[in-house]
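J.: Sequence plus the predicted model coming up.
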Amino acid sequence: MARTPIIAGNWKMFKTVSEAVSFFNEVKGGAEVDGVESVICAPFTNLPALVEAAKGTKIAIGAQNLHFEDNGAYTGEISGVMLADLGVKYVIVGHSERRAYFGETDEIVNKKVVAAFKHGLTPILCVGEKLEEREAGETKNVCKVQTEGGLKGLSAEQAAKTVIAYEPIWAIGTGKSSTAGDAEDVIAYIREVVASLYDQATADAVRIQYGGSVKPANVQEYMGQANIDGALVGGASLEPASYIALVEGAK
Ligand SMILES: O=C[C@H](O)COP(=O)(O)O
């Protein structure tokens, strides 16, 4: 089944509003490639300006997190209601940095995935193993537990719409990317996990990205793999020319 490739830039905690808008103006046009979905996941403060700038373009805007409640006494948090109201389309959920630094468990991640769907946002659900887990031969098991945990309670239709990002933690921001073959092996396995939770049609529909030191020079290698449907990119998504090259490389 043909799945539309999806490149998502995760800016993490980078860029002021003026930097974000000037980036957007530089990538507009270039990062709009037929047959490739292009998503920029920016800090909350940039979202209103980016949603406005993205009107009439093929670039979607995403957030990097959301709270699972719609509203309440949660100082400093942002909910799915608020993101949907802005016109945000995607939201990254369960990034390894959120799991490591902000204590997000599979249960919390699952609540966030459910909240995203409740408000019409598409979650980009991140899974991936730590270096010690890889060395202990636990990679697939970790990904299975995180995938099952993240998708818990979703309908097959919701699961099919979820974007899963496989990001081995040891490859994030380190320049040490997984080989395309290793990434393909784990991603094919994650697809099998989805098939066993739902059915083959759902597994064939779900898009699974690779993330971890993806750059213009290696994106095509990943995209050449049968099960890899795109990339979640940190560092290399911050420069306009590099972001355009990533989207072009996903054709
Ligand atoms: O969300 C993106 C990943 O954490 C990858 O980051 P990176 O491309 O800087 O390695």
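T.: Sure thing, it's come through.
J.: Do I have it right that Ile187 meets Glu167?
T.: No. With the criterion set as CB atoms under 8 Å, Ile187 and Glu167 do not qualify as a contacting pair; they are 10.9 Å apart. For glycine as for every other residue, the C-beta is placed from the backbone atoms N, C-alpha and C.
J.: Mind listing the shared neighbours of those two?
T.: Shared contacts of Ile187 and Glu167, defined by CB atoms under 8 Å, 6 or more residues apart in numbering, comprise Tyr210.
J.: Which of those two has more residues huddled nearby?
T.: Neighbour totals were compared for Ile187 and Glu167, and Glu167 leads with 28 against 24 (other CB atoms under 10 Å).
J.: So what does the residue of the chain found nearest the ligand have for phi and psi?
T.: Per CB to the nearest ligand atom, the residue of the chain with the smallest distance to the ligand is Gly234, at 2.5 Å. The main-chain torsion angles of Gly234 are listed as degrees, to the nearest 10 and equal phi -90, psi -100.
J.: again, but for His95
T.: In this entry, His95 is assigned phi and psi values of phi -60, psi 150 (degrees, to the nearest 10).
J.: Please, which helix or strand holds the spatially closest residue to it that is not a sequence neighbour?
T.: For His95, the nearest residue in space outside its immediate sequence neighbours is Cys126; the separation is 4.7 Å by CB to CB, 6 or more residues apart in numbering. Using DSSP states H and E, the secondary-structure element containing Cys126 is strand 122-127.
J.: Pull that strand out as PDB, backbone CA atoms only.
T.: In PDB, the C-alpha atoms belonging to strand 122-127 read as follows (Å, rounded to 0.1, in the frame of the first residue of the first chain):
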ATOM      1  CA  THR A 122      -2.500  13.800  14.500                       C
ATOM      2  CA  PRO A 123       0.000  12.500  17.100                       C
ATOM      3  CA  ILE A 124       3.600  11.700  16.100                       C
ATOM      4  CA  LEU A 125       4.200   9.000  18.700                       C
ATOM      5  CA  CYS A 126       7.900   8.500  19.500                       C
ATOM      6  CA  VAL A 127       9.400   5.200  20.500                       C
END
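J.: Dig out what the spatially closest residue to Asn71 that is not a sequence neighbour forms beta bridges with.
T.: Sequence neighbours aside, Ser79 is the residue nearest to Asn71 in space, at 5.9 Å (criterion: CB to CB, 6+ apart). With DSSP bridges as the criterion, the beta-bridge partners of Ser79 are His67.
J.: Check whether the helix or strand bottoming out on mean pLDDT in the chain comes near the ligand.
T.: Among the helices and strands of the chain, helix 131-135 carries the lowest confidence by mean pLDDT, DSSP states H and E, at a mean of 94. No. Judged by CB under 6 Å from any ligand atom, helix 131-135 and the ligand are separated, with a smallest distance of 13.9 Å.
J.: Can you list the neighbours in contact with that helix?
T.: Here helix 131-135 makes contact (CB under 8 Å, 6+ apart) with 139, 142, 168-170.
J.: List the buried residues in the top helix by length along the chain.
T.: Ordering each helix of the chain by length in residues (DSSP state H) puts helix 180-197 first. When neighbours are counted by 16 or more other CB atoms under 10 Å, the buried residues of helix 180-197 are found to be 180, 183-184, 186-187, 189-194, 197.
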